[in-house]
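[1] Dropping a prediction and its sequence here:
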Amino acid sequence: MFPSLNSSISLADKILFYESISNLLEWGITLLASFKWLLSRTHPGALHDTLENTIFFIESGDSLNIAMRKFPDFYTQKEIAIVESGEQTGMLKDAFMAIASELRMQEDLRRKVIGALTYPLVIMFFLVLALTVVMMYVVPQIMPIIAEMTTEISLSTRSLIWVSNFLRHNIVFIIIVLIALVLIFRGYTVTDIGKRWLDRVKLYTPITGTIYKNYIVVQVMSTFHLLSSSGVSIVKALRLTGASAGNSTIADMYSYIADEVSKWKKISEAMFEVDKEGYVFSSDIIQMIESAEKTSTVHQISKKIAEQYRREVDASLAVMVKLIEPIALLMAWVFVMWFAIAIFSSIMQVVGVAGN
């Protein structure tokens, strides 16, 4: 009766869903009528099934947040908590729009990251492609001719021939090994131990780790601002923030912070204790949170921290692109020089032999 959801529901679909419901509620349309109106304009698929099933449970007597809990593949814990708070305060329209705005900012940030990485990855792809084509097809055609016309082959030429022969005779084996390594890596990272290891690697890897850390800070601070300003209790907001971070290391940190805050400890003190090195929660973050706790404006400061670190993500991406681009070009230059020296040294030997 209730089709299972799949990954075909995009973030753009969710943004449109929440914005549409918020606008319909603002126009005075009831919640149930808003869902039905949106259902009538949704094509068959995962989103259509989700809306249909949510309507079924609402008509059966469930409140919206209870109905949403039955579809965790679409509604996240963070979204459910905000909707529940909106139902309790009578600000459901604002709750939907807040979720939509947060998701849109996440989508914009994700596009910036993808856009910044696209150019360096394209350069690396074509470099590997060129290397493969030259080694597999060009070198085997040239080397026999040179070998017949000269008795002594230079070191650079011998290395070029060796790499070409190795690739030609072992390409199937290399592909199988690469596929096996990818499968082993994926299998390991889906385990709890593997996921925790990968989450730490993503955080603490030089250059990319800094960008990812700043990205995580934007996420958690935006989430905490959204939850706390929606009326969710501080402890619950902290737990949901960690759970929705998408990183087990950050989730453990926020779980500890929530436990300490539930014991009447300040958020800033708990942040310092859980991250004494100040890698995730830097000194400026802790100082801003500490100042905000004195004036009960933590949710507002969290938004400012998110905006500050969003700018840092943009700056870090620009720096990374500037680093990767010359490295990729340097690798291309080294390969071209290696190939040129190997070929021209052999040609010069052939010319010398012919002259003699």
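    The structure has been received and is ready for your questions.
[2] Quick one: end-to-end length of stretch 197-217, please.
    19 Å (CA to CA, to the nearest Å).
[3] which ones are touching F96?
    Taking CB atoms under 8 Å, 6 or more residues apart in numbering, we find F96 in contact with Y18, E19, I21, S22, L25, V83, G86. Where C-beta positions appear, they are placed from N, C-alpha and C, glycine not excepted.
[4] Quick one: the residues you listed as TSV, columns for distance to Y254 too.
    TSV is the format used below for the contacts of F96 (distance: CB to CB, whole Å):
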residue	distance to Y254
Y18	24
E19	28
I21	29
S22	28
L25	31
V83	21
G86	23
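[5] What about the residues you listed, which are in helices?
    Among those, the members found in helices (DSSP state H) are Y18, E19, I21, S22, L25, V83, G86.
[6] In contact with the residue lying closest to L167 once chain neighbours are set aside, which residues?
    Spatially, and ignoring its direct neighbours in sequence, L167 is nearest to M135 (4.9 Å; CB to CB, 6 or more residues apart in numbering). Under the criterion of CB under 8 Å, 6+ apart, the contact list for M135 reads V163, S164, L167, R168.
[7] before we move on, the earlier item: scan the ones in helices among the contacts of F96 and report the most crowded one.
    Using other CB atoms under 10 Å as the neighbour criterion, I21 leads these with 26 neighbours.
[8] Give me the distance between that one and I234.
    27 Å (CB to CB, to the nearest Å).
[9] quick one: N247 and I216 touch, right?
    Yes: counting by CB atoms under 8 Å, I216 is a contact partner of N247 at 6.0 Å.
[10] overlap in contacts of the two?
    With contacts defined as CB under 8 Å, 6+ apart, the residues shared by N247 and I216 are L203.
[11] returning to that earlier point: name the weakest-confidence residue in the ones in helices among the contacts of F96, if you would.
    Summarising pLDDT for these: the lowest-scoring member is G86, with 81.
[12] That residue - nearest residue in space that isn't next to it in sequence?
    What sits nearest to G86 in space, not counting adjacent residues and going by CB to CB, 6+ apart, is A95, at 2.9 Å.
[13] repeat for D275
    The shortest distance from D275 to any residue that is not its chain neighbour, by CB to CB, 6+ apart, is 4.7 Å, and that residue is F281.
[14] quick one, phi psi at that neighbour?
    As for F281, its main-chain torsions (degrees, to the nearest 10) stand at phi -100, psi 90.
[15] ditto for H43
    Torsion angles at H43 (phi, psi; degrees, to the nearest 10) stand at phi -70, psi 150.
[16] centroid residue for the protein?
    Residue closest to the average C-alpha location in the chain (CA atoms, centre = their mean): R110, at 6.8 Å.
[17] follow-up on the earlier one: with I324 as the reference, measure out to the residue nearest to L167.
    Distance, M135 to I324, using CB to CB: 24 Å.
[18] Regarding the chain, what is its longest helix?
    Counting residues, the longest helix in the chain under DSSP H turns out to be helix 298-355.
[19] list the helices and strands that helix packs on?
    Of the remaining helices and strands, those touching helix 298-355 by 3 or more CB pairs under 8 Å, 6 or more residues apart in numbering; DSSP states H and E are helix 92-133, helix 139-149, helix 155-189, helix 208-229, helix 283-295.
[20] switch the cut-off to 10 Å
    The contact analysis (3 or more CB pairs under 10 Å, 6 or more residues apart in numbering; DSSP states H and E) places helix 298-355 against helix 92-133, helix 139-149, helix 155-189, helix 208-229, helix 234-243, helix 267-274, helix 283-295.
[21] where does G231 land in three-state SS?
    Three-state assignment for G231 (DSSP: H, G, I helix; E, B strand; the rest coil): coil.
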